[in-house]
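Novice: after the sequence you'll find the predicted model.
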Number of protein chains: 2
Amino acid sequence: MVKLRKQYAVDRPVYSEDSLAEDHEKVYRLRKTILDHLREYLTWDSKRGKNAALSLLPVIGWMRIYRVREWLLGDVVSGISTGLVGIMQGLSFSLMASLPASYGLYTAFFPMLIYFFLGTSRHISVGSFPVLSLMVGSVVERLVPENGTYNITGFEDLTQDQQKVLVASSMTFLMGIYQLAMGVLQVGFIVVFLSDTLVSGFTTAAAVHILVSQLKFVLGLTVRGLSGPLSIIYTLEKIFVQITSTNICDLVMSILIMAVVFIVKELNDKYKAKLPVPIPIEVVMTVIACGVSYGFNFKTRYDVDVVGKMVSGYESPIAPNVEVFKECAVEAFPVAIVGFAVAFSVAKVYAIKNDYTIDGNQELIAFGVSNIFGASFRSFAASTALSRTALQESSGGKTQIAGLISAMMAMIVTVALGFLLEPLPTSVLGALVIVNLKGMLMQFREIPYLWRRDKPDCVVWVATFLGATLLGLDLGLAVGVGVNLLSVVFRTQFPRCSVLANIPGTDLYKDRKDYTQISEPKGVLIFRIPSPLFFANIEFFRDKLVEAIGFNPLRVLRKRNKALRKIKKLLQKKGDGATETTDESRMEVEELDQPSDLRGLPFRMDWTGGLSVPRVDLHSLILDFSAVSFLDISALKGLKTALKELIRIEVDVYIVSCDACILEKLHSCMFFDEEILSSMFFPTLHDAVLHVQDKHKDKRPGWVVREANHAINTSACNDCVTIEN
Amino acid sequence: MVKLRKQYAVDRPVYSEDSLAEDHEKVYRLRKTILDHLREYLTWDSKRGKNAALSLLPVIGWMRIYRVREWLLGDVVSGISTGLVGIMQGLSFSLMASLPASYGLYTAFFPMLIYFFLGTSRHISVGSFPVLSLMVGSVVERLVPENGTYNITGFEDLTQDQQKVLVASSMTFLMGIYQLAMGVLQVGFIVVFLSDTLVSGFTTAAAVHILVSQLKFVLGLTVRGLSGPLSIIYTLEKIFVQITSTNICDLVMSILIMAVVFIVKELNDKYKAKLPVPIPIEVVMTVIACGVSYGFNFKTRYDVDVVGKMVSGYESPIAPNVEVFKECAVEAFPVAIVGFAVAFSVAKVYAIKNDYTIDGNQELIAFGVSNIFGASFRSFAASTALSRTALQESSGGKTQIAGLISAMMAMIVTVALGFLLEPLPTSVLGALVIVNLKGMLMQFREIPYLWRRDKPDCVVWVATFLGATLLGLDLGLAVGVGVNLLSVVFRTQFPRCSVLANIPGTDLYKDRKDYTQISEPKGVLIFRIPSPLFFANIEFFRDKLVEAIGFNPLRVLRKRNKALRKIKKLLQKKGDGATETTDESRMEVEELDQPSDLRGLPFRMDWTGGLSVPRVDLHSLILDFSAVSFLDISALKGLKTALKELIRIEVDVYIVSCDACILEKLHSCMFFDEEILSSMFFPTLHDAVLHVQDKHKDKRPGWVVREANHAINTSACNDCVTIEN
């Protein structure tokens, strides 16, 4: 460390905010009102129009700079490998959404067609995302229960699978509408409320849900899907009840596949630097499993559940069902938010890495239209999967051309090669999903990490995780957001207020309990508020202030006024022989709270004298407002009351280091009157202290020096103990 | 204003936080951990036990200081007048809860018996409160619909009125359990989340609900009670559909009574000082109405709805219905919160006025037990009514003896005089309720007041009002609390970051756009963050910082590293004739983000030279952290990344005026490494600026003086415009 021995020398007049403004001319700045912002927003000229049109079709932007020779090969290679993974994920995630496996192929195809034109991210792989599939699945299970029916018009002539597809696509349509609406209203910024901590807790809970949902495939059991709070418990119960009917062939195959995939993935990771492309072990295993299942006829011989009849080709578009809209109006909203938030955060990572910008609102529009379009062709909720996007980027994808090619892969399988996947056992898909959960489940390690570093964040994580696990993902997300907001309020609700004192020989003021040698000006209390003041902590602040000054100012004021009244009465009696009878019993309590009326007294009151009134040794209170970043109306009222009580017992109050915006606000909110003056504001603490010392230099001057053992000023020490808690 | 011309003279070494700690010894303070707090909380000694016992029975405290001669008369007078009003309010509010009128008498009696012993407030009048009655009423209407039945076991053999009473008392029982639990868990502080603004919007909405609920009585119509979202709209619709069947006798009587009561109340207010007790006009009108109705036999002659058969005497206690618990588990919670919050805030006002303390958690216990006890005797949700408490205090009540006497009044009417109230038309009760809504409805005037002073608070008011009006009081309260919490986050989400500059001749730094004459040290940017940093604003802060410094540090770093690589390659080629081939295409993007590796270069890099790398004129960035009252984990990560990017392009970063607690937290969260050093912290802005000037005194020294027209430093001016938005 470099020794800093340069001198800090200042010699200037002591300034209050008022005198500073006198000496240094201020610029009058016109602040924009909400109306101005709105007007600006609605102003429309041709240039802005052109920009808007361009920003609505980002494809134009990156197509113009497309470097065919450098990028095309990478895009094609990446598109093919991502496409293969996308097809398999589509199948698994479709099962997760309680739909026939082949609808996942639609989801890998249709949304991408639109995103290609409208999306601003060049790297994300658009398609199914397990968390969304699960959320859609819970609605599908609710509206199309396995046994029994749910009364929805338009469902009469449909098979159960058709009903399920209609529910999923209608919900996806609604989700698209929500996303589009948010994009048009430019409210993409709301995803900031999904903090990293919350997303981590939420995705971990999702991983647990996914794990449980895949157990039935891995064990080869038939378990009715459940939805609603505590459904995870009931599902586990159902699985354990029939654990004896586990299909051994499924189980063995799953364990084998999980083991192989796990080991190869670890090797991929270890030799990342040496391998040109990671080994596509999942694709390999799928092909092997298909072959083995077909060759040994697993389906009939071991009663293994297979993917079965695939759709071949595309079906005509369908209109969403309005009654389903009504049923899932609430549930589709978190799906829309989560879908966007995941895609946006993944896209942001790659945008920063590759140095281009993405636009949140345009992304919302892109996903909204993609989902609406996709839903019309029976695909379900699309977003992006982290693993797929990572693969697309790492295998050389530079633009959404890669995405388009992987969509084409899905198309080829749909149209021509689907039959090859028909013998694939569903347990293989389940096993592949489970082995991929490792990363998400590893997030459990954040709990001890967060606990050591930041307890409120840890509480947010745990609350979100428990909420999303037990109550379901949609309700859990709401709980998480609530707790997250609450955590912000909580951080400021019990501020660690402190009493400051001067470090001898400097203009610096620090917490008086933190230094061995520190001195306090006599009769002056310097109180620091280390947080914004608002409805939730203004009472706490007032309590702490009363604790720090050591007496209740209102009580002192009342006692003084009572004493004063007695004195006046005595004087009056002396003066005119009790002609006027002031009725003691009718004197109002409110009157006692008014400023002491010293007019008409023949002498100067000295409250420090022997009257039966508490002695107040404090003559000045300095409030350090440097950390008060905002004040709301409740805080303003509370602060005003607290200051008035002090001013009325002749304690001068000074506020220092107050932000210019807050000062402005105090003026506009009529904070000042004949008692609370704007001359109480000082730019720095030291200015205020110098001013106070100058004002009180005739009486009780000097400093109280506090030693390490805190023995000199015992009353102050008592304060320390009480303030601390 | 007094001229402050005292000199501010300081001469000390320039301090960084490190050198300050070296020169001034710090006290090592052991912070209490959560475990310590818990241990302390669980420690139990005989003294604490005695105190706890005393605080559980506050009656002992005030009974010991009871001044019989001074207080008893006031208590009796106040008890009688409050009792009369309480009886009438009981009847009206009972109708509001969709119960037979006479159950209001129970509510005026039973809860008070318990509160007398357990309550810490000496002035509140315990009993029915219209908002609670309405909230209970909506559940009663839902579970006991007028036509059709709701399947609840235990309801089979009961009449509809009995069912209603059972629902109301079960819900009250549950509400009592909630309150008792909150009291035992010491979570009474949660009422701070109900800010004044929220309560104002909520009670205004309640007034609208009450108004609508009383219209049917005033018009003499039979309208089925409704509950749930938008029920207020449907109720109004139902009323207007049958407005032609209005009972003229009811309407005329109501209007007459409202007019008389309104005028007399205004007079009461005007001559408050001269009247010993306000004219009890409501009681007078009730007595007159009873007499007239009985004399002219309104019930049969004009088909007027009257109170009818009163219960005479008390019924045996009933057990609550567990199935009702399940049905109203969610709705009873806001009732418990609102009931307590209202009583506590009213009690606090009178406690401050009369200088005694109330204990929130003990109040919760008192109301909890009162409601559980009351519910067992068929009374419904009790809290306090503002009007009744004001009357009790103003008419001389000093302690809960007054409350006990008013409970006795209710008992007398129940046991003996109930029959006198039987001919009372319900329209009279409705009219009295409506005329008393004036104060609550006047709160609409807060909208323009809040809009002018504090827009977020205004939004909270309007959102709470609209939510509570349209969605119902329980859901509306949840919406209000949510919006209220959101408002706190919002206030800090778009902080007005500013670039500071020096006021010439001082050590003061202010927003450079606010002063006509202000000077900036060359090559130094002083950036002030006026709010805490957390997940919702860390990205915003980073954007603003990049705007203020005028370039993207990451981009500059990458360009430098690319240039560096080229140079190294050239050097290598020169040196050993291209033996080693570094594959350009495989260079990782991540590598470009690492610190520039200048080792092995035969000359010193000077980035300001002619290379194809953006020129960076900034050599130091000073962040003013004085208003950063907390940092969460997301903010910590974001800040660390932002600082690293700057440090890697050789911009020195300094953080000044950082709170001691935050500094401690940064240490405990491993914020520091080989790039981010703890020597970057300075106690004041001026210290940092002096240090920077000393360090860079050889190159580009001096200050840029900015004039009023902002013409000198145009690039800085462009910043101004962009930062401002």
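Specialist: Great, that's in hand.
Novice: ok, the residue lying closest to residue A:188 once chain neighbours are set aside to chain B distance?
Specialist: Spatial nearest neighbour of residue A:188, excluding adjacent residues (CB to CB, 6 or more residues apart in numbering or on different chains): residue A:360 at 3.3 Å. Every residue, glycine included, has its C-beta placed from N, CA and C. Distance, residue A:360 to chain B, using CB to the nearest CB, to the nearest Å: 10 Å.
Novice: then residue A:91?
Specialist: 33 Å.
Novice: just list the residues touching the residue in the stretch 51-200 of chain A that chain B sits nearest to, thanks.
Specialist: Here the residue of the stretch 51-200 of chain A nearest chain B is residue A:195; by CB to the nearest CB that distance is 3.4 Å. Each residue near residue A:195 by CB atoms under 8 Å, 6 or more residues apart in numbering or on different chains is listed here: A:460, A:484, B:534-536, B:632, B:634.
Novice: quick one on the thing from earlier: and the residue nearest to residue A:188, what pLDDT?
Specialist: Residue A:360 carries a pLDDT value of 87.
Novice: burial count for it?
Specialist: Residue A:360 is flanked by 22 other residues according to other CB atoms under 10 Å in any protein chain shown.
Novice: as a check, name the ranges of all helices in the stretch 1-150 of chain A.
Specialist: A:17-23, A:34-42, A:46-56, A:58-64, A:68-96, A:103-107, A:110-118, A:130-143 (DSSP state H, counting those that start in this stretch).
Novice: of those, which stretch is the most buried?
Specialist: helix A:103-107 (a mean of 29; mean count of other CB atoms under 10 Å in any protein chain shown).
Novice: helices or strands up against that helix?
Specialist: Where contact means 3 or more CB pairs under 8 Å, 6 or more residues apart in numbering or on different chains; DSSP states H and E, helix A:103-107 is packed against helix A:68-96, strand A:126-128.
Novice: tell me which other helices or strands the first one touches.
Specialist: Taking 3+ CB pairs under 8 Å, 6+ apart as the contact definition, the neighbouring helices and strands of helix A:68-96 are helix A:103-107, strand A:126-128, helix A:130-143, helix A:196-219, helix A:281-295, helix A:386-394, helix A:400-412, helix A:426-435.
Novice: give me the neighbour count for residue A:301.
Specialist: Look at residue A:301: counted by other CB under 10 Å, it has 10 neighbours.
Novice: can I get the helices and strands packed on helix A:103-107 in TSV with mean pLDDT?
Specialist: TSV is the format used below for these (pLDDT from 0 to 100):
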stretch	mean pLDDT
helix A:68-96	88
strand A:126-128	91
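Novice: closest one to residue A:307 among the ones you listed?
Specialist: Residue A:307 lies closest to helix A:68-96 among these, at 6.5 Å (CB to CB).
Novice: on that earlier part again, select, out of the helices and strands packed on helix A:68-96, the one closest to residue B:35.
Specialist: Once the helices and strands packed on helix A:68-96 are compared by CB to CB, helix A:196-219 is nearest, at 23.2 Å.
Novice: so which bits of the stretch 351-500 of chain A are right by chain B?
Specialist: A:352-355, A:450, A:452-457, A:482, A:484-489, A:491-493, A:495-496 (CB under 8 Å from any CB of the partner chain).
Novice: quick check: residue A:306 touching residue A:423?
Specialist: Yes - proximity of residue A:306 to residue A:423 meets the contact threshold set by CB atoms under 8 Å, at 5.5 Å.
Novice: joint contacts of those two?
Specialist: Counting by CB under 8 Å, 6+ apart, the common neighbours of residue A:306 and residue A:423 are A:293, A:298-299.
Novice: looking at these, which is nearest chain B?
Specialist: Distances from chain B to the shared contacts of residue A:306 and residue A:423, taken as CB to the nearest CB, are shortest for residue A:293 (39.8 Å).
Novice: how much space between the closest residue to residue A:471 other than its chain neighbours and residue B:42?
Specialist: In space, and not counting its chain neighbours, residue A:471 is closest to residue A:229: 4.7 Å by CB to CB, 6+ apart. Separation of residue A:229 from residue B:42 (CB to CB, to the nearest Å) stands at 33 Å.
Novice: check residue A:496 too.
Specialist: For residue A:496, the distance to residue B:42 equals 24 Å [CB to CB].
Novice: ok, residue A:337 next?
Specialist: For residue A:337, the distance to residue B:42 (CB to CB) stands at 42 Å.
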